[in-house]
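> below are the sequence and a predicted model; questions follow.
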Amino acid sequence: FGSTLEISSRGGPKPDSSIVYHVGNGDILAIDGSVVEGLKVGKTKVIGRSVGLNPSDGSVITFTEDFIYVTVIPLNKVKIRTPLLRLKSGNVMPVTLWAEPDVSPMVLGTLKNLRIHWRVNAPDVIELKDVFEDLGVIYGESDAIAMRARGLKQGKAKITVTVFHGSSKFTATTDLTVFKTLELESPKRIVHDPIIIPPRTNLQLKVNLDETIFEINDQADRSVINVSSDGTVRTFEMLGTSLVVASCNDQKLDIPIEVKNVNYVMATAVSSLQLKGLESHLPRDMNFVISVSLHDNLGNKFSHSFE
(Lines give C-alpha, C1' and ligand atoms only; values in the text may rest on other atoms or scores of the structure.)
Protein backbone atom coordinates (compact mmCIF):
# COMPACT_ATOMS: atom_id res chain seq x y z
CA PHE A 1 0.00 0.00 0.00
CA GLY A 2 1.53 3.32 -1.11
CA SER A 3 4.35 1.74 -3.15
CA THR A 4 4.80 1.70 -6.92
CA LEU A 5 5.55 -1.06 -9.39
CA GLU A 6 6.43 -0.96 -13.07
CA ILE A 7 4.58 -3.36 -15.34
CA SER A 8 6.61 -4.82 -18.21
CA SER A 9 5.58 -6.79 -21.27
CA ARG A 10 7.11 -8.62 -24.19
CA GLY A 11 5.78 -9.66 -27.55
CA GLY A 12 4.31 -7.80 -30.43
CA PRO A 13 3.69 -7.18 -33.13
CA LYS A 14 6.57 -4.72 -33.40
CA PRO A 15 7.38 -1.97 -34.24
CA ASP A 16 3.95 -0.78 -35.45
CA SER A 17 2.11 -1.14 -32.15
CA SER A 18 1.94 0.39 -28.69
CA ILE A 19 1.31 -1.19 -25.30
CA VAL A 20 -1.59 0.31 -23.37
CA TYR A 21 -2.40 -0.67 -19.79
CA HIS A 22 -5.74 -0.47 -18.00
CA VAL A 23 -6.61 -1.10 -14.36
CA GLY A 24 -9.72 -3.08 -13.45
CA ASN A 25 -10.40 -1.24 -10.19
CA GLY A 26 -9.14 2.34 -10.03
CA ASP A 27 -9.88 2.54 -6.29
CA ILE A 28 -7.21 -0.08 -5.57
CA LEU A 29 -4.57 0.87 -8.16
CA ALA A 30 -3.64 4.08 -9.95
CA ILE A 31 -1.71 3.79 -13.20
CA ASP A 32 0.51 6.24 -15.04
CA GLY A 33 1.91 4.77 -18.23
CA SER A 34 3.26 1.41 -17.09
CA VAL A 35 3.72 2.33 -13.38
CA VAL A 36 1.00 1.36 -10.91
CA GLU A 37 0.61 2.67 -7.36
CA GLY A 38 -1.24 0.92 -4.57
CA LEU A 39 -4.08 3.11 -3.29
CA LYS A 40 -5.84 0.76 -0.89
CA VAL A 41 -5.67 -2.87 0.20
CA GLY A 42 -7.22 -5.25 -2.31
CA LYS A 43 -6.70 -7.17 -5.54
CA THR A 44 -7.41 -6.09 -9.09
CA LYS A 45 -6.56 -6.89 -12.67
CA VAL A 46 -4.11 -4.99 -14.87
CA ILE A 47 -4.78 -5.49 -18.58
CA GLY A 48 -2.13 -4.88 -21.23
CA ARG A 49 -3.09 -4.50 -24.88
CA SER A 50 -0.89 -4.25 -27.96
CA VAL A 51 -2.75 -1.74 -30.14
CA GLY A 52 -2.28 -0.04 -33.47
CA LEU A 53 -4.20 1.98 -36.04
CA ASN A 54 -6.19 0.58 -38.92
CA PRO A 55 -4.60 2.20 -42.02
CA SER A 56 -7.91 2.28 -43.87
CA ASP A 57 -10.11 4.14 -41.36
CA GLY A 58 -7.79 5.12 -38.47
CA SER A 59 -9.65 3.02 -35.91
CA VAL A 60 -7.80 1.36 -33.02
CA ILE A 61 -6.95 -2.31 -33.50
CA THR A 62 -6.10 -4.63 -30.60
CA PHE A 63 -3.51 -7.16 -31.80
CA THR A 64 -2.89 -9.08 -28.59
CA GLU A 65 -4.00 -8.85 -24.97
CA ASP A 66 -2.87 -10.24 -21.62
CA PHE A 67 -3.47 -9.50 -17.96
CA ILE A 68 -2.07 -10.01 -14.48
CA TYR A 69 -3.50 -9.63 -11.00
CA VAL A 70 -1.89 -7.16 -8.61
CA THR A 71 -2.50 -7.49 -4.87
CA VAL A 72 -2.07 -4.47 -2.61
CA ILE A 73 -1.19 -5.36 0.96
CA PRO A 74 -0.45 -3.32 4.09
CA LEU A 75 3.05 -3.08 5.54
CA ASN A 76 2.86 -5.30 8.63
CA LYS A 77 6.33 -6.81 8.99
CA VAL A 78 9.86 -6.45 7.61
CA LYS A 79 12.75 -8.88 7.43
CA ILE A 80 16.46 -8.86 6.64
CA ARG A 81 17.72 -11.14 3.90
CA THR A 82 21.34 -12.19 3.47
CA PRO A 83 22.58 -14.93 1.14
CA LEU A 84 24.76 -16.36 3.94
CA LEU A 85 24.66 -16.69 7.72
CA ARG A 86 28.36 -17.67 7.89
CA LEU A 87 30.83 -15.37 6.10
CA LYS A 88 34.58 -15.81 5.71
CA SER A 89 36.67 -12.98 7.09
CA GLY A 90 37.45 -10.41 4.38
CA ASN A 91 34.50 -11.32 2.15
CA VAL A 92 31.49 -9.14 1.32
CA MET A 93 27.81 -9.94 0.80
CA PRO A 94 24.62 -7.93 0.22
CA VAL A 95 22.13 -7.21 3.01
CA THR A 96 18.64 -6.27 1.85
CA LEU A 97 15.38 -5.20 3.45
CA TRP A 98 12.20 -7.06 2.48
CA ALA A 99 8.59 -6.85 3.61
CA GLU A 100 6.46 -9.86 4.45
CA PRO A 101 5.44 -12.03 2.76
CA ASP A 102 7.81 -11.55 -0.21
CA VAL A 103 7.82 -7.86 -1.12
CA SER A 104 11.19 -7.11 -2.70
CA PRO A 105 13.41 -4.10 -1.89
CA MET A 106 12.67 -2.72 -5.37
CA VAL A 107 9.02 -2.31 -4.36
CA LEU A 108 9.46 -1.56 -0.66
CA GLY A 109 11.94 1.20 -1.48
CA THR A 110 9.30 3.18 -3.37
CA LEU A 111 7.21 3.78 -0.24
CA LYS A 112 6.85 7.42 0.71
CA ASN A 113 7.68 8.60 4.25
CA LEU A 114 9.94 5.61 4.84
CA ARG A 115 12.86 5.89 7.28
CA ILE A 116 15.38 3.07 7.65
CA HIS A 117 18.07 2.76 10.33
CA TRP A 118 20.71 -0.01 10.28
CA ARG A 119 23.06 -0.95 13.08
CA VAL A 120 25.38 -3.79 14.03
CA ASN A 121 26.15 -4.72 17.64
CA ALA A 122 29.75 -5.80 16.90
CA PRO A 123 31.28 -3.33 14.40
CA ASP A 124 34.70 -4.92 14.92
CA VAL A 125 33.31 -8.22 13.54
CA ILE A 126 31.00 -6.98 10.75
CA GLU A 127 31.40 -3.73 8.84
CA LEU A 128 28.11 -2.42 7.47
CA LYS A 129 28.47 -0.04 4.51
CA ASP A 130 26.27 1.70 1.97
CA VAL A 131 26.19 0.20 -1.51
CA PHE A 132 27.92 3.26 -3.03
CA GLU A 133 29.96 4.33 -0.01
CA ASP A 134 33.29 3.62 -1.73
CA LEU A 135 32.31 6.25 -4.32
CA GLY A 136 31.54 8.79 -1.61
CA VAL A 137 27.75 8.34 -1.66
CA ILE A 138 25.86 7.46 1.52
CA TYR A 139 22.13 7.18 1.02
CA GLY A 140 19.74 8.98 3.32
CA GLU A 141 17.49 7.11 5.72
CA SER A 142 14.65 7.04 3.17
CA ASP A 143 16.75 5.19 0.56
CA ALA A 144 18.86 2.78 2.64
CA ILE A 145 17.01 -0.27 1.37
CA ALA A 146 20.22 -2.33 0.87
CA MET A 147 23.66 -2.46 2.47
CA ARG A 148 26.93 -4.37 2.19
CA ALA A 149 28.32 -6.52 5.03
CA ARG A 150 32.06 -7.23 5.21
CA GLY A 151 33.55 -9.79 7.59
CA LEU A 152 36.38 -8.19 9.57
CA LYS A 153 37.40 -10.79 12.13
CA GLN A 154 36.20 -14.05 13.61
CA GLY A 155 33.17 -13.72 15.85
CA LYS A 156 29.41 -13.29 15.98
CA ALA A 157 27.38 -10.17 15.20
CA LYS A 158 23.75 -9.15 15.04
CA ILE A 159 22.43 -6.79 12.38
CA THR A 160 19.30 -4.85 13.30
CA VAL A 161 17.13 -2.70 11.07
CA THR A 162 14.43 -0.34 12.34
CA VAL A 163 11.87 0.93 9.85
CA PHE A 164 9.53 3.85 10.44
CA HIS A 165 6.55 4.31 8.14
CA GLY A 166 4.13 6.99 9.20
CA SER A 167 3.22 6.22 12.80
CA SER A 168 4.29 2.56 12.51
CA LYS A 169 7.59 1.09 13.61
CA PHE A 170 9.01 -2.27 12.50
CA THR A 171 12.20 -4.05 13.60
CA ALA A 172 14.04 -7.07 12.21
CA THR A 173 17.32 -8.75 13.13
CA THR A 174 19.65 -11.40 11.76
CA ASP A 175 22.62 -13.16 13.38
CA LEU A 176 25.84 -13.64 11.40
CA THR A 177 29.03 -15.56 12.09
CA VAL A 178 32.40 -14.54 10.68
CA PHE A 179 35.09 -17.23 10.56
CA LYS A 180 38.71 -17.61 9.47
CA THR A 181 39.97 -20.37 7.20
CA LEU A 182 42.74 -22.74 8.25
CA GLU A 183 46.17 -21.49 7.16
CA LEU A 184 49.73 -22.60 7.81
CA GLU A 185 51.76 -19.88 9.55
CA SER A 186 55.06 -21.56 10.44
CA PRO A 187 57.68 -22.21 9.21
CA LYS A 188 56.19 -20.52 6.11
CA ARG A 189 52.77 -18.97 5.66
CA ILE A 190 50.76 -20.89 3.06
CA VAL A 191 47.27 -19.90 1.97
CA HIS A 192 45.09 -22.46 0.21
CA ASP A 193 43.45 -20.39 -2.52
CA PRO A 194 41.95 -22.58 -5.25
CA ILE A 195 40.40 -21.41 -8.50
CA ILE A 196 36.62 -21.59 -8.02
CA ILE A 197 34.34 -22.26 -10.99
CA PRO A 198 30.75 -23.52 -11.28
CA PRO A 199 29.62 -26.80 -12.89
CA ARG A 200 29.17 -27.13 -16.66
CA THR A 201 31.69 -24.42 -17.57
CA ASN A 202 34.98 -24.04 -19.45
CA LEU A 203 38.04 -22.12 -18.25
CA GLN A 204 41.30 -21.46 -20.06
CA LEU A 205 44.43 -21.65 -17.87
CA LYS A 206 47.44 -19.59 -18.89
CA VAL A 207 51.02 -19.60 -17.57
CA ASN A 208 54.10 -17.51 -18.30
CA LEU A 209 56.12 -20.23 -20.05
CA ASP A 210 55.54 -21.63 -23.53
CA GLU A 211 55.42 -25.39 -24.19
CA THR A 212 53.69 -26.00 -20.85
CA ILE A 213 51.62 -29.18 -20.64
CA PHE A 214 48.58 -29.44 -18.35
CA GLU A 215 47.22 -32.64 -16.85
CA ILE A 216 45.23 -33.83 -13.87
CA ASN A 217 47.23 -35.11 -10.93
CA ASP A 218 47.27 -38.91 -10.78
CA GLN A 219 45.71 -38.90 -7.30
CA ALA A 220 43.06 -36.23 -8.07
CA ASP A 221 39.38 -36.84 -8.69
CA ARG A 222 38.81 -37.08 -12.45
CA SER A 223 35.01 -37.06 -12.13
CA VAL A 224 35.05 -33.36 -11.19
CA ILE A 225 36.98 -31.81 -14.10
CA ASN A 226 38.74 -32.60 -17.32
CA VAL A 227 41.75 -30.65 -18.66
CA SER A 228 43.31 -30.62 -22.10
CA SER A 229 47.06 -30.45 -22.65
CA ASP A 230 46.77 -26.75 -23.58
CA GLY A 231 45.03 -25.88 -20.30
CA THR A 232 41.32 -25.86 -21.16
CA VAL A 233 39.44 -26.94 -18.04
CA ARG A 234 35.94 -28.36 -18.42
CA THR A 235 33.72 -29.01 -15.41
CA PHE A 236 30.87 -31.51 -15.18
CA GLU A 237 27.83 -31.85 -12.92
CA MET A 238 29.89 -33.13 -9.99
CA LEU A 239 30.98 -30.76 -7.21
CA GLY A 240 34.36 -31.17 -5.55
CA THR A 241 38.06 -30.36 -5.69
CA SER A 242 40.68 -31.52 -8.15
CA LEU A 243 44.32 -30.72 -8.90
CA VAL A 244 45.78 -29.70 -12.25
CA VAL A 245 49.54 -29.95 -12.74
CA ALA A 246 51.29 -27.64 -15.22
CA SER A 247 54.66 -29.02 -16.41
CA CYS A 248 57.40 -27.31 -18.41
CA ASN A 249 60.85 -28.91 -18.69
CA ASP A 250 61.80 -29.76 -15.09
CA GLN A 251 59.30 -27.35 -13.48
CA LYS A 252 55.86 -28.23 -12.08
CA LEU A 253 53.05 -26.04 -10.80
CA ASP A 254 50.10 -27.38 -8.82
CA ILE A 255 46.79 -25.60 -9.57
CA PRO A 256 43.93 -26.55 -7.23
CA ILE A 257 40.47 -26.16 -8.78
CA GLU A 258 37.23 -26.31 -6.83
CA VAL A 259 33.84 -26.79 -8.49
CA LYS A 260 31.03 -25.22 -6.46
CA ASN A 261 27.51 -23.93 -6.92
CA VAL A 262 26.91 -20.18 -7.17
CA ASN A 263 25.34 -18.98 -3.91
CA TYR A 264 24.79 -15.33 -4.76
CA VAL A 265 25.52 -12.68 -7.39
CA MET A 266 26.62 -9.18 -6.39
CA ALA A 267 26.93 -6.00 -8.45
CA THR A 268 29.51 -3.43 -7.31
CA ALA A 269 30.04 0.10 -8.60
CA VAL A 270 33.68 0.80 -9.51
CA SER A 271 35.04 4.22 -10.43
CA SER A 272 38.46 5.82 -10.73
CA LEU A 273 36.96 8.98 -9.24
CA GLN A 274 35.73 9.63 -5.73
CA LEU A 275 33.59 12.53 -4.64
CA LYS A 276 35.32 15.15 -2.49
CA GLY A 277 32.46 15.28 0.00
CA LEU A 278 29.81 12.76 0.96
CA GLU A 279 26.66 12.86 -1.14
CA SER A 280 23.25 11.33 -0.46
CA HIS A 281 22.56 10.59 -4.15
CA LEU A 282 24.63 9.62 -7.15
CA PRO A 283 25.44 12.84 -9.04
CA ARG A 284 24.04 13.16 -12.54
CA ASP A 285 26.53 12.34 -15.33
CA MET A 286 28.86 10.50 -12.94
CA ASN A 287 30.57 7.66 -14.82
CA PHE A 288 31.27 4.32 -13.17
CA VAL A 289 31.47 0.65 -14.09
CA ILE A 290 29.20 -2.03 -12.64
CA SER A 291 31.27 -5.11 -11.80
CA VAL A 292 29.26 -8.32 -11.39
CA SER A 293 30.77 -11.09 -9.28
CA LEU A 294 29.66 -14.62 -8.41
CA HIS A 295 30.17 -15.96 -4.89
CA ASP A 296 30.12 -19.36 -3.19
CA ASN A 297 28.67 -20.42 0.17
CA LEU A 298 31.57 -18.79 2.05
CA GLY A 299 31.47 -15.48 0.17
CA ASN A 300 34.52 -16.31 -1.98
CA LYS A 301 34.56 -14.90 -5.50
CA PHE A 302 34.43 -17.23 -8.46
CA SER A 303 37.12 -17.02 -11.12
CA HIS A 304 36.62 -14.65 -14.03
CA SER A 305 36.69 -15.52 -17.72
CA PHE A 306 34.89 -18.86 -17.57
CA GLU A 307 32.22 -19.75 -20.12
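Here it is on my side, so go on. Residues are numbered from 1 along each chain as shown.

> residue ranges of the helices in the chain, please?
All helices of the chain, identified by DSSP state H, fall at 105-108.

> where does it have low pLDDT?
Judged against pLDDT under 70, the chain has no low-scoring part.

> I'd say K40 and A30 touch.
No: the pair K40 / A30 is not scored as a contact, 10.3 Å apart, by C-beta atoms under 8 Å. Yep, even glycine has a C-beta here, placed from its N, CA and C like the rest.

> from memory D16 sits against V51, does it?
No: in this structure, D16 is not within contact of V51 by C-beta under 8 Å, at 10.3 Å.

> between these two, which is the more surrounded one?
Counting neighbours by other C-beta atoms under 10 Å for D16 and for V51 shows that V51 has the greater number, 15 against 11.

> residues contacting that one?
By C-beta atoms under 8 Å, 6 or more residues apart in numbering, the residues touching V51 are 17-20, 60-63.

> okay, now the closest residue to H117 other than its chain neighbours: neighbour count?
Using C-beta to C-beta, 6 or more residues apart in numbering and skipping residues adjacent in sequence, the residue nearest H117 is T162, 4.6 Å away. T162: 16 surrounding residues under other C-beta under 10 Å.

> got it, and A269?
If you count neighbours by other C-beta under 10 Å, A269 ends up with 16.

> leaving out the residues flanking it, which one is nearest to it?
In space, and not counting its chain neighbours, A269 is closest to F288: 4.9 Å by C-beta to C-beta, 6+ apart.

> distance of the one you found relative to P199?
32 Å (C-beta to C-beta, to the nearest Å).

> now Q251
In terms of C-beta to C-beta, Q251 sits 31 Å off from P199.

> same question, N113
Per C-beta to C-beta, N113 is found 46 Å from P199.

> can you check T64 too?
In this view, T64 and P199 are 39 Å apart by C-beta to C-beta.

> likewise L5?
Separation of L5 from P199 (C-beta to C-beta): 35 Å.

> of the two, who's got more company?
Using other C-beta under 10 Å, the more surrounded residue of L5 and P199 is L5, with 19 against 15.

> isn't that one right next to V35, touching?
Yes: the criterion here is C-beta under 8 Å, and L5 meets it with V35 at 7.1 Å.

> report the contact partners of G2.
Counting by C-beta under 8 Å, 6+ apart, G2 touches 37-38, 75, 111-112.

> again, 6 Å this time
Contact analysis of G2 by C-beta atoms under 6 Å, 6 or more residues apart in numbering lists L111.

> how much space separates it from I116?
As for G2, its distance to I116 is 15 Å (criterion: C-beta to C-beta).

> same thing with N25?
Per C-beta to C-beta, N25 is found 31 Å from I116.

> beta partners for the closest residue to S228 other than its chain neighbours?
Leaving aside its sequence neighbours, S228 sits nearest to F214 (C-beta to C-beta, 6+ apart; 7.0 Å). On the basis of DSSP bridges, F214 is bridged to A246.

> what about F214, how many residues nearby?
Close neighbours of F214, defined as other C-beta under 10 Å, add up to 19.

> that one is in contact with V233, isn't it?
No: in this structure F214 lies outside contact range of V233 using C-beta atoms under 6 Å: 8.2 Å.

> identify the contacts common to those two.
Shared contacts of F214 and V233, counting by C-beta under 6 Å, 6+ apart, come down to V227.
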